[in-house]
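**Student:** sequence below, structure please.
(one chain, ligands or ions: 1)
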Amino acid sequence: MSHRHAPINPMCKNMLHGGDYNPDQWIRTPEIWDEDMRLMKLAGCNAASTGIFAWAALEPEEGKFTFDWLDTIMDKLAANKGYAVLATPSGSKPAWMSRAYPEVCRVNADGTRQPHERRHNHCRTSPVYREKCQIINAKLAERYKNHPALLLWHISNEYNGGDCHCDLCIEAFQNWLRKRYNNDIDALNHAYWAAFWAHTFPGFDYVRPTDRSIHCLMLDWERFKTYQTIDFYKDEIKPLRQHTPNVPITTNFMNGHDTLDYWAFAREVDFISWDSYPNWHEGNDVDEAVKTALLHDQCRTMKQGKPFLLMESVPSIPTRGRVKKRKEPGMHMLSSMQAVAHGGDGVLYFQWRKSRGCSEKFHGAVVDHEGSEHTREFKEVAEVGTALAKLDDVVGSSAQPEVALLLDWENGWAIREGARVFLGENCKYREECAAHYRPFWQMGVPVDVIDQNCDLSAYKMVVLPMAYMLRPGFADRLKGYVHAGGTAVMTYWSAIVDESDLCFLGGVPGDGLREVFGVWEEETQSYYPHETVPINPVKEIAEGLSGYYQAVDICSVVHAEGKTKILAEYGDHYFEGMPAVTVNNYGDGRAYYIAARTRGSMLSDLYGHLIKDLGLKRAIDTDLPHGVTAQVRGSAHEQHIFLMNFNAHTTDVLVGSGYVDILTGESVSKNVELEKYGVRVLRRTA
Ligand code: GAL
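**Tutor:** Numbering: from 1, shown residues only. A predicted model of the protein is given here:
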């Protein structure tokens, strides 16, 4: 992984700033378009994601195209020194199409076809829909291929893994299964353990994705939906590649959700973009910051360190969250800089201007219904614009983490479909990943967020929370990694099933990992929220563990085998005295096993010890106060350090001298005072 990458489109070497721009909603009032240009300039916006839901305005009747309004907008953007992140409109189909070709609408599991309504609900298999998308996309590409405003392609909007049970999709699914199982129905029946409840399928044409009691079937359905969505996307981009081979292509991911396997998708896009909607001020902002940071890191990792684009974020008030709180002053700058700190080369919003009607009319926007630049929201966006303009040197630079954390979509689906039945509401896979990520975030240690196909050899440490389902070959690679000197930390509920969700025989962790970790996990116990189990470090060898810890939600009963050392043990319950944390020397490396989900400081104590012991690089060599993190971009001589305070109070960080604050131009000596939600971007002067 390199520290330096080319800008997303070398045509523009600046940070991007802007957002979803829907001029088609304002065709009746073109003076608003001129006002948009004036305001974009004032807000320091240079990128407008244009035409995302504009199909009805671009093709009001089948085959009748109306590009005049978009011509005007593209010209205005160019004249304003701005760019279009031009969208293909497939996220929302026009009404004439649903009436003329009902097959473009999805079908529910009970066979009813969905009416023409809402959006993001087209059938991904329908040949008609694919053809219509190619026609409109070709028109867009042909028309704007030489336009100076065309910077990037934004394909569709938030492709999702929603179900469509139409005959076309079911047939495509069955064909996909035929390929996956080499046309061998016995192989499918074995993978599905179909003898259970006499579910044996006589042929592929019997398989329908509705039976959640067959875990592997549901897993295959998720895999298929990712495959078919990517296939749809590949059709969408054909005309764009043909007419605009040099314009980079992306589609906005929702990687906080388990809807599609974005690792598979990442291979197909030129750069990653994603939509981030944390619920600030709803609960604990530090928790929210940790979850968001992990997702930003995942976006950077998905393209081997190449910077991503924050395609959507909210300037103030989201439509999500329980009470939908506005960002408090300072949070907009902080959350925008957070994206940049973790590898974002731009900050875009949903939305530029509030719509006057429909479901998002009160959603945060740079421009309010009031219409001027005098709102708090506008001013805070303009401040971000000013800050981004000072960060052009950061464009293309990346972190080079020495730690990797495994967060795997297929594993997430397997836990949702298979493990849910036994762990109930305690599954919380993503929450557990965030809990293991948090100590690194708090100590300013950059982390890559990998999946099971990634190469492990670049890392000094690999963290594997709840790695329940192992794909073929992963256990062997992990084994080789530890044997060659790597450090692995794995938790309870790992290495239990293979990629068909069939349990490994011979004990957990399976697939050869019992030998590596030197433990046998005999039982797993799930607990109610009021129940806890004490964990006591074994003082003489505790590797950073000290004090009193608690297990919550899930405890595993584990036997240490061979020379495995016990670092901590349970202090109560029928498994009192049995291992809770262990370490095994395997080859030249070490394999740690954490048998329970814990609350309190156990993970930060253990990882804090390992960070020191392995000499893992930190963004800045100082202890960071609670809720403050430091992230780094670039290599030693051209490094930018982002110090961010997610606390609602001021706090000091001792950074030492030799830095300049890029945002204020002030040089920094010793202490940096970070106000409530404060952020500093530091660069070494020497
Ligand atoms: C996103 C979507 C946008 C807008 C936004 C509102 O998921 O892509 O079009 O609906 O949510 O928060």
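**Student:** got the contact list for the closest residue to the ligand within the stretch 101-250 of the chain?
**Tutor:** Using CB to the nearest ligand atom, the closest approach of the stretch 101-250 of the chain to the ligand is made by Glu158 at 4.5 Å. C-betas here are computed from N, CA, C, even on glycine. Glu158 makes contacts with 91, 120, 252-254, 275, as judged by CB atoms under 8 Å, 6 or more residues apart in numbering.
**Student:** give me the buried subset of these.
**Tutor:** Buried subset of the contacts of Glu158 (neighbour count, 16 or more other CB atoms under 10 Å): 91, 252-254, 275.
**Student:** hang on, the earlier thing: roughly how far does the residue of the stretch 101-250 of the chain closest to the ligand sit from Ser273?
**Tutor:** Computed as CB to CB, to the nearest Å, the Glu158 to Ser273 distance reads 11 Å.
**Student:** same deal with Gly412?
**Tutor:** 21 Å.
**Student:** which of these two has more neighbours?
**Tutor:** Ser273 (24 against 21; other CB atoms under 10 Å).
**Student:** I'd assumed Ser313 was in contact with that one.
**Tutor:** No: between Ser273 and Ser313 there is no contact under CB atoms under 8 Å: 11.3 Å.
**Student:** need the contacts of Glu158 in a markdown table (columns: pLDDT and secondary structure).
**Tutor:** Output for the contacts of Glu158, formatted as a markdown table (pLDDT from 0 to 100; DSSP: H, G, I helix; E, B strand; the rest coil):
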| residue | pLDDT | secondary structure |
| --- | --- | --- |
| Gly91 | 98 | coil |
| His120 | 96 | coil |
| Asn252 | 98 | strand |
| Phe253 | 98 | strand |
| Met254 | 96 | coil |
| Asp275 | 98 | strand |
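**Student:** any idea of the mean pLDDT in stretch 321-338?
**Tutor:** For stretch 321-338, mean pLDDT rounds to 93.
**Student:** stretch 141-148 too?
**Tutor:** pLDDT averaged over stretch 141-148 gives 98.
**Student:** and it, how far apart are its ends?
**Tutor:** With CA to CA, to the nearest Å as the measure, stretch 141-148 spans 13 Å from end to end.
**Student:** now do stretch 312-325
**Tutor:** Using CA to CA, the two ends of stretch 312-325 sit 17 Å apart.
**Student:** now stretch 10-25
**Tutor:** 31 Å.
**Student:** give me the buried positions along that stretch.
**Tutor:** 12, 14-25.
**Student:** regarding the residue of the stretch 101-250 of the chain closest to the ligand, what is its secondary structure?
**Tutor:** Following DSSP: H, G, I helix; E, B strand; the rest coil, Glu158 is assigned to coil.
**Student:** ok, it to Gly343 distance?
**Tutor:** Taken as CB to CB, the span from Glu158 to Gly343 is 21 Å.
**Student:** burial of the residue of the stretch 301-450 of the chain found nearest the ligand, as a residue count?
**Tutor:** In the stretch 301-450 of the chain, the residue that lies nearest the ligand is Phe350 (4.3 Å; CB to the nearest ligand atom). Neighbours of Phe350 under the rule other CB under 10 Å: 23.
**Student:** isn't it up against Arg320?
**Tutor:** No: applying CB under 8 Å, one finds Phe350 not in contact with Arg320, separated by 11.3 Å.
**Student:** skip the chain neighbours and tell me the closest residue to Ile535.
**Tutor:** Tyr549 (4.1 Å; CB to CB, 6 or more residues apart in numbering).
**Student:** Cys503 too?
**Tutor:** The nearest residue in space to Cys503 (CB to CB, 6+ apart) is Val497, at 5.4 Å.
**Student:** residues contacting the one you found?
**Tutor:** 414, 418, 468-470, 503-504.
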